[in-house]
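K.L.:
A structural model of the following input is requested.
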Amino acid sequence: MFSKILIANRGEIACRVAATARRLGVRTVAVYSDADADARHVQACDEAVRVGANAPRDSYLQWQRIINAALAAGAQAVHPGYGFLSENEDFARACAAAGLVFIGPPPEAIASMGSKSAAKALMAEAGVPLVPGYHGRDNDPELLAAEAGKIGYPVLIKASAGGGGKGMRRVDRAADFAAALASCQREARASFGDDQVLVERYVLRPRHIEIQVFADSQGQCIHLNERDCSVQRRHQKVLEEAPAPGMSAARRAEMGAAAVAAARAVGYVGAGTVEFIAEELDDGDLRFYFMEMNTRLQVEHPVTEAITGLDLVEWQLRVACGEPLPKRQDEIEIRGHAIEARLCAENPESGFLPATGDLQVVRWPRHVEFERSEALPRVDTGFGEGDAVSPWYDSMIAKLIVWGADRAQALARLDAALRDTHLVGVATNVAFLRRVVASRSFATAELDTALIEREHAALFEAPPLEAGLVAAAIVAHERAAEAAREGPDPWSRRDGWRLYGGARRRFELELQGRQQTVAVERRHDGSTELAIGEQRWPFESRALGDGCHDLRLGEARVRLAVYGQGERYAVFAPGGSALAREIDPVAHAGDQAGAGGGLTAPMPGKVVAFMARPGDSVKSGQPLAVMEAMKMEHVIHAPRDGVVGELLYAVGDQVTEGGELLRLAE
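P.N.:
Coordinates of the predicted model:
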């Protein structure tokens, strides 16, 4: 076994690799950018080396600096994690030339599978079924448009060198093909330095099923069964589970054999994932097509670990040391069911726009880290309380993984774990994930990549928390805070007691986007009543510590958590969560800020393109600008009809959130 390795990555995967290395007695070296100087993965490793500025191209993609850091630290091997340099054949070759072991497949295997077009040709020779499409090297726009017409709409444009949903667009009409192609190629150049694309038939209601493969340098290659990754937004995975619901033993064996054949065709060594698009037939069986092979560890590898009881990072390290695979194919078991939820800094209600900011509160359910537990969820994260989610990297904050004896138990445990996850300071998808898990389609395993669109009404129009409950929670929170500030004598009490009569407090709250007048009255007998408009409830609360309260409102009793940050509050209840703001009437009355006459950036990022010029008349909803944030492109539309007055930024400029991009006159 190695004595020291360098981890050429950041965030939760760097922490994940460091945890297994520590258990095996292997010392670790972290690399970090300026933005990550105090990041959790830096603290998780034994040593750390700065490799550059914030942007990945100036730090985590600077592979010569990373190799120099490994050599200077005396590391014997480099683990690339996933993303960044994990599928860069030049980096793998450079590691070998420097005398470092690349903990991944041979450079030739990366090269073979790095181009989707070349990989498809190779898989055709190996007899692996393919989706009908154009996989050639000629990317002339007119040729590609003609090929799309031959295939028949809808089609899917995909970056040939890409992954993670970047450089991928579904196109339903020939009229939209040119714009979608240009956007795909821009995103592919930015993410992978290669704008080559392929065009395929878009499989209607497709399932995304992938097979985990592992091979050693002695020629053994096995599969560790499948994962279903069908629940996606913007072609990026949201929920992953293993095994795939409805998978027959015969189909599992057939897909596993195809995945092993794909790995053998390129002389694979190490961990890899062969991804398939599957469509359900009338008899309930699956027809599957090869999509791509990811020559690295996948984000969703924990669900495979949960059902097999294996540590895939340990397998990677052992295979990289030249050891044979620890198990044979007939020794791989499936036990129970596991589901992983990706917790991201984003706003689902605004088209999943990424969010940035400081994580002011981080509360996880009682959990384990980086290992399987039947009773507790597993949390893989690179963030802690007080850390900043920056615009430079992927929006994922953590992965929440649960295991159950069957899928029903895993679903129940996932909902409970999401309910007890409290993240404050940055918009997240936690509440959205709870709704997905509870949706009819997911609960009954009617899975395909359009699940989120199909369940739109249930997922994006969820009923808000009752205003009275939110107000009562805030009052309970403030009452507990005041009690904590009381002195030892009775004259320091702040509970509103009066010698004669009661006490009444009135304040304004913005709840669920509406301003509400809230009154709290303490009667002479010590009882309390809460009122919103004409509604009144008897009210009691008991502080339980760490923001949690046992609260009675009318006949209902509920346990909830409240976190206050200045005039803003985050409330978490069993039925959901809500944000509220206390309004200062004086400040509110004097606030003369208007809505403004411009188009502002909904998140920090870089201007990629403007789609209108000064003097152009535009209609509400018309695309006006394209921004890149967290490695994805986002189109910004006109909020109303108007005339473009002035462009306030140039293409390539960085813009802060709320920055005015252009002036829009009536």
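
K.L.:
I figured Met627 hits His637, correct?
P.N.:
No - at 11.9 Å, Met627 does not count as touching His637 under the criterion of Cβ atoms under 8 Å. Quick note: C-beta positions are derived from backbone N, CA and C, even for glycine.

K.L.:
neighbour count winner among the two?
P.N.:
The neighbour comparison of Met627 against His637 (other Cβ atoms under 10 Å) goes to Met627, with 23 against 15.

K.L.:
what sits opposite the more buried one in the beta ladder?
P.N.:
Val607, His634 (DSSP bridges).

K.L.:
Contacts only, for it.
P.N.:
Contact analysis of Met627 by Cβ atoms under 8 Å, 6 or more residues apart in numbering lists Ala601, Met603, Gly605, Lys606, Val607, Val608, Glu633, His634, Ile636, Val655.

K.L.:
cool, and Pro574?
P.N.:
For Pro574, the contact set (Cβ under 8 Å, 6+ apart) comprises Arg419, Val558, Arg559, Leu560.

K.L.:
For Leu433, grab phi and psi.
P.N.:
Here the main-chain torsion angles of Leu433 (degrees, to the nearest 10) amount to phi -60, psi -40.

K.L.:
Next one, pLDDT for it please.
P.N.:
On pLDDT, Leu433 comes in at 97.

K.L.:
need the contact list for it.
P.N.:
For Leu433, the set of contacting residues under the criterion of Cβ under 8 Å, 6+ apart consists of Val238, Leu239, Ala341, Leu343, Leu418.

K.L.:
Mark which of these are part of strands, please.
P.N.:
Mapping these onto strands (DSSP state E) picks out Val238, Leu239, Ala341, Leu343.

K.L.:
Now do the SS call for the residue lying closest to the second one once chain neighbours are set aside.
P.N.:
If I follow you right, that is Leu239. In this structure, Leu239 finds its nearest non-sequential neighbour in Val231, 4.2 Å apart by Cβ to Cβ, 6 or more residues apart in numbering. Judged by DSSP: H, G, I helix; E, B strand; the rest coil, the three-state class of Val231 is strand.

K.L.:
List the contacts of Val231.
P.N.:
Applying Cβ under 8 Å, 6+ apart, we find Val231 in contact with Lys237, Val238, Leu239, Glu240, Val436, Phe442, Leu447, Thr449, Leu451, Ile452.

K.L.:
Quick one: the strands in the stretch 151-300 of the chain, in order.
P.N.:
Ranges of strands within the stretch 151-300 of the chain are 155-159, 168-171, 197-201, 207-215, 221-233, 236-242, 270-280, 286-294, based on DSSP state E, counting those that start in this stretch.

K.L.:
Can you check which of these gets nearest to Ser527?
P.N.:
Nearest of these to Ser527, taken as Cβ to Cβ: strand 236-242 at 45.8 Å.

K.L.:
helices and strands around that closest one, which ones?
P.N.:
Strand 236-242 makes packing contacts with strand 221-233, helix 301-308, strand 337-344, helix 430-438 when contacts are defined by 3 or more Cβ pairs under 8 Å, 6 or more residues apart in numbering; DSSP states H and E.

K.L.:
neighbours of Arg363, just the number please.
P.N.:
Each residue near Arg363 was counted by other Cβ under 10 Å, and the total is 16.

K.L.:
Phi, psi for the nearest residue to it once chain neighbours are set aside please.
P.N.:
Taking Cβ to Cβ, 6+ apart as the measure, Arg363 lies nearest to His422, with 3.9 Å between them; neighbours along the chain are not counted. Dihedral angles of His422 (phi, psi; degrees, to the nearest 10) stand at phi -120, psi 110.

K.L.:
low-scoring stretches of the chain, by residue?
P.N.:
Across the chain, the ranges flagged by pLDDT under 70 are 162-164, 284, 485-502, 584-597, 630-631.

K.L.:
again, 50 this time
P.N.:
Low-confidence segments of the chain, defined by pLDDT under 50, span residues 587-596.

K.L.:
Which of the contacts of Val231 sits closest to Trp403?
P.N.:
Distances from Trp403 to the contacts of Val231, taken as Cβ to Cβ, are shortest for Glu240 (13.2 Å).

K.L.:
Let me know whether the closest one touches His337 as I believe.
P.N.:
No - no contact is recorded between Glu240 and His337 when judged using Cβ under 8 Å, the distance being 11.9 Å.

K.L.:
what about the helices in the stretch 51-200 of the chain?
P.N.:
Listed in chain order, the helices found in the stretch 51-200 of the chain under DSSP state H, counting those that start in this stretch are 63-73, 89-97, 107-114, 116-126, 141-151, 177-192.

K.L.:
So Ala612 versus Gln316, what's the distance?
P.N.:
Plainly put, Ala612 is 49 Å away from Gln316 if you go by Cβ to Cβ, to the nearest Å.

K.L.:
brain fart, Leu423
P.N.:
With distances defined as Cβ to Cβ, the gap from Leu423 to Gln316 amounts to 30 Å.

K.L.:
who's more crowded, those two?
P.N.:
For the pair Leu423 and Gln316, the greater number of neighbours falls to Leu423 (26 against 21), based on other Cβ under 10 Å.

K.L.:
Looks to me like the more buried one is in a strand.
P.N.:
Yes - using three-state DSSP, the secondary structure at Leu423 is a strand.

K.L.:
what sits against it?
P.N.:
With contacts defined as Cβ under 8 Å, 6+ apart, Leu423 is in contact with Leu343, Leu359, Val361, Val362, Arg363, Ile397, Val430.

K.L.:
Over to Ala73?
P.N.:
Under the contact definition (Cβ under 8 Å, 6+ apart), the residues listed for Ala73 are Lys4, Leu6, Val29, Glu47, Val49.

K.L.:
For those, please prepare JSON lines with the additional fields distance to Tyr289 and neighbour count.
P.N.:
Written out in JSON lines, the entries for these read as follows (distance: Cβ to Cβ, whole Å; neighbours: other Cβ atoms under 10 Å):
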{"residue": "Lys4", "distance to Tyr289": "42", "neighbour count": "17"}
{"residue": "Leu6", "distance to Tyr289": "38", "neighbour count": "29"}
{"residue": "Val29", "distance to Tyr289": "41", "neighbour count": "23"}
{"residue": "Glu47", "distance to Tyr289": "45", "neighbour count": "17"}
{"residue": "Val49", "distance to Tyr289": "43", "neighbour count": "18"}
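
K.L.:
of all those, which two lie farthest apart?
P.N.:
Taking Cβ to Cβ, the two most distant members of the contacts of Ala73 are Lys4 and Val49; they sit 12.6 Å apart.

K.L.:
anything in contact with each of the two?
P.N.:
The overlap between the contact sets of Lys4 and Val49 (Cβ under 8 Å, 6+ apart) consists of Val29, Ala73.

K.L.:
coming back round to it: out of the contacts of Met627, which one sits closest to Leu579?
P.N.:
Nearest member of these to Leu579, counting by Cβ to Cβ, is Met603, at 17.6 Å.

K.L.:
Relative to Ala561, how far out is Gly545?
P.N.:
To Ala561, Gly545 is 10 Å away according to Cβ to Cβ.

K.L.:
Who has more neighbours out of these two?
P.N.:
A side-by-side neighbour count of Gly545 and Ala561, using other Cβ under 10 Å, places Ala561 first with 21 against 7.

K.L.:
continuing past the helix or strand hosting the more buried one, what's the next helix or strand?
P.N.:
When elements are defined using DSSP states H and E, Ala561 is found to belong to strand 556-565. Taking DSSP H and E as the definition, the helix or strand that follows strand 556-565 towards the C-terminus is strand 568-573.

K.L.:
Need the residues that contact the following helix or strand past that following strand.
P.N.:
Downstream of strand 568-573, the first helix or strand assigned by DSSP H and E is strand 576-583. Contacts to strand 576-583, defined as Cβ under 8 Å, 6+ apart, come from residues 430-431, 434, 462, 464-465, 470-471, 474, 507-512, 515, 567-571.

K.L.:
And for stretch 168-185?
P.N.:
Here stretch 168-185 makes contact (Cβ under 8 Å, 6+ apart) with 141, 144-145, 148-149, 153-159, 162, 167, 195, 197, 202, 235, 626, 633.

K.L.:
buried subset of these?
P.N.:
Neighbour-count burial (16 or more other Cβ atoms under 10 Å) is assigned, among the contacts of stretch 168-185, to 144-145, 148, 155-159, 162, 167, 195, 197, 202, 235, 626, 633.
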